[in-house]
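> Provided below are the primary sequence and the corresponding predicted coordinates.
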Amino acid sequence: MLLDVRDVHVHYHKVAALKGVSLQVPSGGIVTIIGANGAGKSTTLRSISGLVRPSSGEIHFEGERIDHLPAEQIVARGIAHVPEGRRVFPDLSVEENLRIGAFLRSDKAQIERDIERIFQRFPRLKERRTQWARTLSGGEQQMVAIGRALMSGPKLLLLDEPSMGLSPVMVQEISRIVADIVETGVPVVLVEQNAGLALRLASYAYVLEIGSVAVEGPAAELKTNDHVRRAYLGA
Ligand code: ATP
């Protein structure tokens, strides 16, 4: 397994947000984490990328324990996190935002090639290369946030609610982009409230309920699971 999260507990002050979450991510494909508001999905991603510290449990990446490392070293090892709310730098251009994603890299020629590859993948961003990020639409900002994460040259991409607040057309566009990223060999952990979308895209899924994994299994099986259908698919 590329990523192995073992019995992780996280507390905010004294309140438990994760109560023993275990999950595994193989070296290809999409693993999704679905669940209601406050179930602990974002906290799970934050614990993987070092933005919050587990109070107990272990996280291993490529066989190495990472849960004690500072966030910057976790990025350097190849985990890129696109947080909820697509935080772009509003007063920087699209291209400047992308370049920030490469801040830990020194391979200048490869950075230039990667910028051009991102623009090929996101033609909308190429047209807006010099535009301030704050003037972009929500979907375009999501593309910048994903593009910036890709500029770190990740081995694993963590995506928190990429579809949130986007129009159906833009949701389709982002889904296509995520599928494309996975095809180029970068596995994705996708956190989504839109369970239908998540189960269509992913190969394996975890359902979080109040800080614990309530159900897990191949996405195709979860789509037909009675509890999942009633609670998350509106069936
Ligand atoms: P959503 O879909 O609403 O983002 P989520 O499943 O991602 O929800 P988390 O954001 O991980 O859930 O939150 C899990 C629990 O931890 C919630 O009860 C939340 O109120 C709490 N929590 C999250 N961040 C903090 C924080 N910084 N301080 C205190 N409590 C927090």
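Arrived safely. Numbering: from 1, shown residues only.
> just give me the residue closest to the centre of the protein.
Leu159 (1.6 Å; C-alpha atoms, centre = their mean).
> now the strands for this protein?
Assigned by DSSP state E, the chain shows strands spanning 3-12, 15-25, 30-35, 56-61, 64-65, 79-82, 156-160, 188-192, 204-209, 212-218.
> in a markdown table: those, plus mean pLDDT and distance to Arg124.
All C-beta atoms are positioned from the backbone trio N, CA, C, and that covers glycine. Converted to a markdown table, the strands of the chain look like this (pLDDT from 0 to 100; distance: least, C-beta to C-beta, whole Å):
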| stretch | mean pLDDT | distance to Arg124 |
| --- | --- | --- |
| strand 3-12 | 98 | 31 |
| strand 15-25 | 97 | 29 |
| strand 30-35 | 97 | 23 |
| strand 56-61 | 98 | 32 |
| strand 64-65 | 98 | 37 |
| strand 79-82 | 97 | 17 |
| strand 156-160 | 97 | 18 |
| strand 188-192 | 97 | 20 |
| strand 204-209 | 97 | 30 |
| strand 212-218 | 97 | 33 |
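> any chance of the ones you listed in CSV, plus distance to Leu166?
Output for the strands of the chain, formatted as CSV (distance: least, C-beta to C-beta, whole Å):
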stretch, distance to Leu166
strand 3-12, 27
strand 15-25, 25
strand 30-35, 17
strand 56-61, 30
strand 64-65, 35
strand 79-82, 14
strand 156-160, 13
strand 188-192, 12
strand 204-209, 21
strand 212-218, 27
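> dump these into TSV; add distance to the ligand as well.
Listed next are these as TSV, based on distance: least, C-beta to the nearest ligand atom, whole Å:
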stretch	distance to the ligand
strand 3-12	3
strand 15-25	3
strand 30-35	5
strand 56-61	15
strand 64-65	22
strand 79-82	13
strand 156-160	7
strand 188-192	7
strand 204-209	6
strand 212-218	12
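> for this structure, give me the ranges with low pLDDT.
The chain contains no residues with pLDDT under 70.
> contacts only, for Gly35.
For Gly35, the contacting residues are 41, 207-209, 232, by C-beta atoms under 8 Å, 6 or more residues apart in numbering.
> looking at those, state which has the most neighbours.
The most crowded member of the contacts of Gly35, judged by other C-beta atoms under 10 Å, is Lys41 (27 neighbours).
> distance of it from Leu190?
Lys41 sits 10 Å away from Leu190, going by C-beta to C-beta, to the nearest Å.
> residues of the chain that sit close to the ligand?
Counting by C-beta under 6 Å from any ligand atom, the chain comes close to the ligand at 12, 15, 17, 35, 37-43, 84, 193.
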